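# Fold the following and give me the result.
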Amino acid sequence: MAGWFSFLHGEVTAGDVLALGRVRDVLGRAGVAHDVAWSPGFRPSALHLDDVRPEDYSHLVFVCGPVHGRQVEELHERFSHCVRIAVGTSVVDRDSPAVTGFHGVLARDSCDSEPGRDLAARAPALPPRPVVGTVLTHGQQEYGHKRRHEEVAELLGDWLLGKDCARLELDTRLDTHDWRLCATPAQLESLLSRLDVVVTDRLHGLVLALRAGVPALAVDPVAGGAKVTAQARACDWPALVTAERMDQGMLERWWDWCLTYGRAQAQRIAAEFREGVVEDGADRLVGALRTCCGERADPSSLRWGGTW
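Presented below is the predicted three-dimensional model:
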């Protein structure tokens, strides 16, 4: 079995792989033994077309995608002794060698026939995977030599690549001109509320995730800890990793916690936010304004934090 997912310079899409799953399910139920050739760029350790001995096979099944181009024509040449069938494909030019080389074409769509439903629609059901939003920063130059942002982002990227999860890159920056970014906080909150976990090295990545009741695996990218650490402490949020202690084991530990016990704690904190259980700076603002008015001639009398 082959498809565009088999070619070194082809393309592997979710639809193609699901279509392949549908065909494999049908063949498996019928007791038809088969192998699948994968692109070495996608699955380096799998069976590749270059490794296949055509003489070992009696049939070639080409799954999904357009039957068009030199790569498909080369399959006809290599597997010339095999019965060759295309299934779930698009026929762009019925007279091209890529099409006429097949003994049979069970087309998904073509210029001279009614379209059929795509094979991916009836692929075997798949188990759900965690949906993870990433909110990372590469800026914050104000931290100077304490910055570990690049190292943190690289390690997180490598680690997430190995996780079986759906990844969604997000940004807290709003933009009314770039369709790829949210234009309002409400739009971003709608995205966050649909996630299973947020992985972030940003203060507002942490706060907005918790506001949505979603657990956040927070990493402080500043050596010695800075505002992310401070905010995790203020919110009583335990899933925090410091730049100095960041490793695969620590990330795995908090990942598991976020996907199990973390949601309940995140929802509890979200309820605290809504109910105003813990005082914040805005609660003290009016008093601070009055104090400032009374002592405007002596700014040195004003102090940081909650002691006025």
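# The residue nearest to Ala270 when sequence neighbours are not counted: what secondary structure?
Nearest residue to Ala270 in three dimensions, chain neighbours excluded: Gly213, at 4.0 Å (Cβ to Cβ, 6 or more residues apart in numbering). (Glycine included, C-beta is placed from N, CA and C.) Here Gly213 is coil, with the state taken from DSSP: H, G, I helix; E, B strand; the rest coil.
# Likewise for Val228?
helix.
# swap in Ser90?
Taking three-state DSSP, the label given to Ser90 is strand.
# Please enumerate the helices of this protein.
14-29, 70-78, 97-100, 149-161, 185-192, 203-211, 227-234, 248-257, 263-275, 285-294 (DSSP state H).
# and those as JSON lines, adding distance to Asp112 and mean pLDDT?
Converted to JSON lines, those look like this (distance: least, Cβ to Cβ, whole Å; pLDDT from 0 to 100):
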{"stretch": "helix 14-29", "distance to Asp112": "22", "mean pLDDT": "97"}
{"stretch": "helix 70-78", "distance to Asp112": "19", "mean pLDDT": "96"}
{"stretch": "helix 97-100", "distance to Asp112": "12", "mean pLDDT": "97"}
{"stretch": "helix 149-161", "distance to Asp112": "44", "mean pLDDT": "89"}
{"stretch": "helix 185-192", "distance to Asp112": "44", "mean pLDDT": "97"}
{"stretch": "helix 203-211", "distance to Asp112": "53", "mean pLDDT": "97"}
{"stretch": "helix 227-234", "distance to Asp112": "61", "mean pLDDT": "96"}
{"stretch": "helix 248-257", "distance to Asp112": "52", "mean pLDDT": "96"}
{"stretch": "helix 263-275", "distance to Asp112": "53", "mean pLDDT": "97"}
{"stretch": "helix 285-294", "distance to Asp112": "72", "mean pLDDT": "85"}
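# Where does the prediction get shaky in the stretch 1-150 of the chain?
139-140 (pLDDT under 70).
# do you know how far the residue lying closest to Val228 once chain neighbours are set aside is from Ala46?
Leaving out its chain neighbours, the residue that sits closest to Val228 by Cβ to Cβ, 6+ apart is Asp220, at 4.1 Å. For Asp220, the distance to Ala46 equals 39 Å [Cβ to Cβ, to the nearest Å].
# Give me the more crowded residue out of these two.
Taking other Cβ atoms under 10 Å, Asp220 and Ala46 do not tie; Asp220 has more neighbours (26 against 14).
# Show me what the more buried one is bridged to.
In this entry, Asp220 is beta-bridged to Thr242, by DSSP bridges.
# okay, it: pLDDT?
Among the per-residue scores, Asp220 shows a pLDDT of 93.
# Relative to Asp247, how far out is it?
On the measure of Cβ to Cβ, Asp220 and Asp247 end up 14 Å apart.
# again, but for Asp171
26 Å.
# Neighbour count for those two, which is higher?
Per other Cβ under 10 Å, whichever of Asp171 and Asp247 has more neighbours is Asp171, with 17 against 12.
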